[in-house]
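S.K.: Structure, please.
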Amino acid sequence: MWGLMLQMLGVATVWFDLTSTARKFGKHGFVRRTLDWLRAFFGQKVVIGAAGTAMAIAGMRGRLKQRRPINPDAAIPDRLSTLEENIDFLDKDLDSAYQEIDKRTDELDGRIKAESGKLDQAIRDVKSTLEDATVGNFATLAFGTVWLAIGMVLGTMAPEFAKLVDDEWRAVSWTIS
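M.R.: Next up, the predicted model:
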């Protein structure tokens, strides 16, 4: 009787650990999975609904260039003055372009850092869950395994133990060898 009880304790311990590990990965327990299977087998209807939406947004951009035309008949100092003004316009355009590049680079850096932080946290969470599932339950499994082994020995060796209790140790040694 004790052997059976210890075996059942070992089985229950391992079963508890297996179901808790399955729950860490979003799996349901044995009873619920069996009931789900029976419902599906006996044809309960499953209702599936789907909805979708598609949207498109068009955007527009514009650019403005400012240049002064150069009169080919103008005097050289006037032509030079116009070229200098056009160079100033080009310089302002370049400054504006560099500012836009810097602004977008900063925005993208911020997005990348935010997304990287989220992904790093997700990786840590998965690693922790995986670690719990693989080695976090070691003590529980060891406990169950020890009691299962003790129960098997007591269940198998019950007649020999009974003979030892009745002080018939010679009969036990002959049985073992």
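S.K.: Chain neighbours aside, what residue packs nearest to Thr13?
M.R.: Nearest residue to Thr13, sequence neighbours excluded (C-beta to C-beta, 6 or more residues apart in numbering): Gly144, at 3.0 Å. Every C-beta, even on glycine, is put in place using the N, C-alpha and C of the backbone.
S.K.: packing partners for the helix or strand harbouring the one you found?
M.R.: Assigned by DSSP states H and E, Gly144 belongs to helix 138-156. Helices and strands touching helix 138-156, by 3 or more C-beta pairs under 8 Å, 6 or more residues apart in numbering; DSSP states H and E, are helix 2-24.
S.K.: Okay, buried residues for the helix it packs on please.
M.R.: 3, 6-7, 9-10, 13-14, 17-18, 21 (16 or more other C-beta atoms under 10 Å).
S.K.: will you turn the residues you listed into JSON lines that also has distance to Leu80 and pLDDT?
M.R.: As requested, the buried residues of helix 2-24 are exported to JSON lines (distance: C-beta to C-beta, whole Å; pLDDT from 0 to 100):
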{"residue": "Gly3", "distance to Leu80": "109", "pLDDT": "65"}
{"residue": "Leu6", "distance to Leu80": "104", "pLDDT": "74"}
{"residue": "Gln7", "distance to Leu80": "103", "pLDDT": "74"}
{"residue": "Leu9", "distance to Leu80": "101", "pLDDT": "79"}
{"residue": "Gly10", "distance to Leu80": "98", "pLDDT": "76"}
{"residue": "Thr13", "distance to Leu80": "94", "pLDDT": "79"}
{"residue": "Val14", "distance to Leu80": "93", "pLDDT": "75"}
{"residue": "Asp17", "distance to Leu80": "88", "pLDDT": "75"}
{"residue": "Leu18", "distance to Leu80": "88", "pLDDT": "71"}
{"residue": "Thr21", "distance to Leu80": "82", "pLDDT": "71"}
